[in-house]
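A.B. asks: return a 3D structure for these sequence lines:
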Amino acid sequence: MTDQSDPVTERPPHPTRKADGKALRRDCPLESHAELPLASDRDPIGLLIGQAATRVPELVPIRYRRMLVSPFTFYRGAALVMAADLSRTPTAGLRAQLCGDAHLSNFGAYASAERRLVFDLNDFDETLPGPFEWDVKRLAASLVIAARNNGFTAKQARKSTIAAVRRYRQAMRDFAGQPFLDVWYSGLDLDNTWGDFVRSLSPKRRERHGDQVRAAEASLAKARSRTGLQAIRKLTTERDGRRRIVADPPLVVPLDELSSLEPDEIRHQLDSLVASYRHTLASDRRVLLDHFRLTDVAHKVVGVGSVGTRAWILLFEGAGRSDALLLQAKQAQSSVLEPYAGTSTARSEGERVVTGQRLMQAASDIFLGWLKGVPEIDGGVDYYLRQLRDWKFSADIEQMRPSSLTLYAAMCGWTLARAHARSGDRVAIAGYLGKSEAFENAVADFAERYADVNERDHAALAEAVASGRVKAAAES
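C.D. replies: Model (predicted):
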C-alpha cells in the first residue's frame with residue numbers, strides 16, 4: 001500500500017513524463033477502462049452494515065431511508081461499495097489526490113474569500129491519494145444514474161457522460177502545457193463563465209433556451225442569498241434575550257439535551273475545543289475568529305452518505321446584534337478508499353479532510369479547520385469545520401433537461417481535471433489519455449454497466465429492509 005504522502009513527488013523533465021504516461025497504455029490500454037470485474041462474493045449490503053457500526057445507531061435507519069428513495073440516492077450513500085468495486089478495475093498507476101466521492105451532486109457553488117461565486121468540488125469526507133481513474137468513474141456513473149432517474153434516453157445519458165470525461169481529458173492536456181503556477185491559480189468563476197456562455201448564444205438559441213437561461217440566472221441569484229445571516233435567521237431564534245439554535249428532533253437537537261455533563265463543564269469543554277480548532281487556522285483567520293464567542297451548539301443530521309456520523313452546528317456571536325457566525329463541525333472518519341488505496345499519513349481524520357480539500361479546491365472556506373472531540377460528549381471523534389453556508393449552492397439535478405445536464409457534466413469534468421492536476425502528474429496523465437476518444441468511450445461503457453449494478457444494489461437494500469436485515473425509518 002502507498003501512503004498519503006505520495007501524490008506530489010520530484011518529477012523528471014516534461015518530455016519524459018509525457019512519454020512515460022503514453023507507455024502505460026501497453027499494460028493498461030485505454031479500452032480496458034470499460035471493464036467491471038465484480039467479486040464473486042460481493043455483498044454491498046454487508047459493506048453498508050459494517051460501515052454503520054461506527055455511526056450513531058439511532059440515525060442509521062434514517063440513512064437507509066434516504067438511500068431507498070431512488071437508485072441515485074442509494075449511489076450517493078454507497079461510496080464504500082463503489083470503492084470496493086473500483087479496487088478491482090484496471091488502473092494506469094498514476095495517482096492524484098482524490099475526492100473519493102466525486103458524484104455530480106458533490107460539485108457546487110460557493111463564495112471565495114474575494115466574494116466571487118466559484119464552482120468546485122465541495123465534499124471531501126473520503127479524500128485520499130489514489131488512482132485518478134477512480135474519481136472519473138465515480139463522476140461518470142453518477143451521470144448515467146442521474147440521467148436515468150430523470151427519464152432521459154440511453155443516448156442522452158451517454159452524451160452527458162462523454163461530455164464530462166472528454167472535458168476531463170482535454171482539460172488535463174491543457175493543464176499539461178501550462179506552467180504549474182497557472183494550473184494552481186486556475187478556477188471556474190461562475191460570473192465570468194456564465195456571462196461568456198450567454199454571450200456565445202445566437203439570438204435564435206437564446207430564444208429557444210430562454211427558460212433554461214432564466215432558471216440558471218435565478219439559481220445564481222439564489223446562491224448569493226444563501227449567506228450565513230440567512231442561515232442564522234432560519235436556524236436560530238431569540239429566547240430570554242439570547243439567540244439559540246432551534247430544536248427540530250431528531251434532525252436538530254441542542255447539545256444540552258444530549259449530554260449528561262453540567263452546563264459549566266460543557267462550556268469549559270467547548271472553550272477548549274474552540275482553542276484547539278483556532279490553532280489549525282492561518283494567523284489572520286485566528287484574528288477574525290477572536291471577534292466571536294461560541295454561544296450555542298446543536299447536533300444536526302446532514303446529507304445522505306453522511307447520515308449517522310456526528311455533525312454539529314456551532315453558533316458564534318460578536319458584539320453587534322447581526323454580528324454572528326454559524327460553523328458546521330462534521331465528523332471525519334477514515335476514508336472509504338483507505339482499505340484499497342492506502343492509509344493516510346495525517347495526524348487525524350479531520351486534518352486529512354482539510355489537507356485534501358485545500359489541495360484540490362481552487363479556493364477553500366476561510367474557516368476550514370479541524371479538531372478532536374471530547375470523550376465525555378462524543379467519544380473523542382475527529383471533526384473538520386467550515387461555514388455552514390456562504391453562498392453555497394448545489395444544482396437541482398432532478399430538474400435538469402438533457403442539454404443542461406450535458407453542460408453541467410462538462411463543468412464537472414473540467415473541475416475534476418484541475419483538482420487532479422494540482423496534485424498528480426498532469427503531464428503523465430495527459431500523455432496516458434492521449435488525443436483519441438478511447439478513454440471517454442471506455443469510461444462511458446463502464447458507467448452504463450455500473451448504473452445497472454447500482455440499480456440491483458438499490459433493489460437489494462429494499463429487500464434487506466423488507467426481510468428485516470436492516471431497518472429503515474422515517475425522519476419524524
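
A.B. asks: ok, residue 414 - contacts?
C.D. replies: By Cβ atoms under 8 Å, 6 or more residues apart in numbering, the residues touching residue 414 are 167, 168, 171, 188. For every residue, glycine as well, the C-beta is placed using N, CA and C.

A.B. asks: most neighbours among those residues, which one?
C.D. replies: residue 168 (30 neighbours; other Cβ atoms under 10 Å).

A.B. asks: average pLDDT across the helix or strand hosting that residue?
C.D. replies: Following DSSP states H and E, the helix or strand that holds residue 168 is helix 154-176. Confidence for helix 154-176, expressed as mean pLDDT, is 98.

A.B. asks: helices or strands next to that helix in the packing?
C.D. replies: Applying 3 or more Cβ pairs under 8 Å, 6 or more residues apart in numbering; DSSP states H and E, we find helix 154-176 packed against helix 132-149, helix 402-423, helix 426-433, helix 438-467.

A.B. asks: which one of those lies closest to residue 344?
C.D. replies: Between residue 344 and the helices and strands packed on helix 154-176, the tightest spacing by Cβ to Cβ is seen for helix 402-423, at 14.2 Å.

A.B. asks: mind listing what's buried along the closest one?
C.D. replies: 402, 404-423 (16 or more other Cβ atoms under 10 Å).

A.B. asks: could I get it in PDB with only the CA atoms?
C.D. replies: As requested, the backbone C-alpha atoms of helix 402-423 are provided in PDB (Å, rounded to 0.1, in the frame of the first residue of the first chain):
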ATOM      1  CA  PRO A 402     -30.600  16.700 -21.100                       C
ATOM      2  CA  SER A 403     -28.800  19.700 -22.600                       C
ATOM      3  CA  SER A 404     -28.400  21.300 -19.100                       C
ATOM      4  CA  LEU A 405     -27.000  18.000 -17.700                       C
ATOM      5  CA  THR A 406     -24.500  17.800 -20.600                       C
ATOM      6  CA  LEU A 407     -23.300  21.400 -19.900                       C
ATOM      7  CA  TYR A 408     -23.100  20.700 -16.200                       C
ATOM      8  CA  ALA A 409     -21.200  17.500 -16.800                       C
ATOM      9  CA  ALA A 410     -18.600  19.300 -18.800                       C
ATOM     10  CA  MET A 411     -18.100  21.800 -16.000                       C
ATOM     11  CA  CYS A 412     -17.600  18.900 -13.500                       C
ATOM     12  CA  GLY A 413     -15.100  17.200 -15.800                       C
ATOM     13  CA  TRP A 414     -13.000  20.400 -16.200                       C
ATOM     14  CA  THR A 415     -13.200  21.000 -12.400                       C
ATOM     15  CA  LEU A 416     -12.100  17.400 -11.600                       C
ATOM     16  CA  ALA A 417      -9.200  17.600 -14.000                       C
ATOM     17  CA  ARG A 418      -8.000  20.900 -12.500                       C
ATOM     18  CA  ALA A 419      -8.200  19.400  -9.000                       C
ATOM     19  CA  HIS A 420      -6.200  16.300 -10.100                       C
ATOM     20  CA  ALA A 421      -3.700  18.500 -12.000                       C
ATOM     21  CA  ARG A 422      -2.800  20.300  -8.700                       C
ATOM     22  CA  SER A 423      -1.500  17.100  -7.000                       C
END
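
A.B. asks: run the chain-centre distance for that helix.
C.D. replies: When distances are taken as Cα atoms, centre = their mean, to the nearest Å, helix 402-423 is centred 13 Å away from the chain's centroid.

A.B. asks: what's the angle from that helix to helix 154-176?
C.D. replies: Note on geometry: by axes from the mean of the first three to the mean of the last three Cα atoms, to 10 degrees, helix 402-423 and helix 154-176 are set 30 degrees apart in direction.

A.B. asks: quick one: helix 402-423 to helix 438-467, angle?
C.D. replies: Regarding helix 402-423 and helix 438-467, their directions subtend 110 degrees when assessed with the same axes, to 10 degrees.

A.B. asks: so what's the model's average confidence on helix 402-423?
C.D. replies: If you average the pLDDT values across helix 402-423, you get 94.

A.B. asks: now the strands for this protein?
C.D. replies: Under the criterion DSSP state E, the chain contains strands at 95-98, 107-111, 117-121, 128-131, 188-189, 236-239, 242-245, 252-254, 293-300, 311-317, 324-331, 369-372, 382-387.

A.B. asks: the last one to strand 107-111, inter-axis angle?
C.D. replies: Angle of strand 382-387 versus strand 107-111, following the same axes, to 10 degrees, is 60 degrees.

A.B. asks: and the nearest residue to residue 147 once chain neighbours are set aside, how far from residue 447?
C.D. replies: Of all residues beyond its chain neighbours, the one nearest residue 147 is residue 157 (3.4 Å), with distances taken as Cβ to Cβ, 6 or more residues apart in numbering. Separation of residue 157 from residue 447 (Cβ to Cβ, to the nearest Å): 9 Å.

A.B. asks: quick one: which of these two has more around it?
C.D. replies: When residue 157 and residue 447 are compared for neighbours, residue 447 comes out ahead with 30 against 25, by other Cβ under 10 Å.

A.B. asks: quick check: the more buried one vs residue 134, distance?
C.D. replies: 13 Å.

A.B. asks: need the helices and strands packed on helix 154-176 in a markdown table with distance to residue 265, can you?
C.D. replies: Output for these, formatted as a markdown table (distance: least, Cβ to Cβ, whole Å):
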| stretch | distance to residue 265 |
| --- | --- |
| helix 132-149 | 43 |
| helix 402-423 | 42 |
| helix 426-433 | 51 |
| helix 438-467 | 40 |
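
A.B. asks: out of those, which is closest to residue 113?
C.D. replies: helix 402-423 (17.7 Å).

A.B. asks: any idea of the angle the closest one forms with strand 117-121?
C.D. replies: Using the same axes, to 10 degrees, one finds that helix 402-423 and strand 117-121 are set 80 degrees apart in direction.

A.B. asks: just to revisit the earlier point, identify the residues contacting the residue nearest to residue 147.
C.D. replies: Taking Cβ under 8 Å, 6+ apart as the definition of contact, the neighbours of residue 157 are 143, 144, 147, 148, 448.
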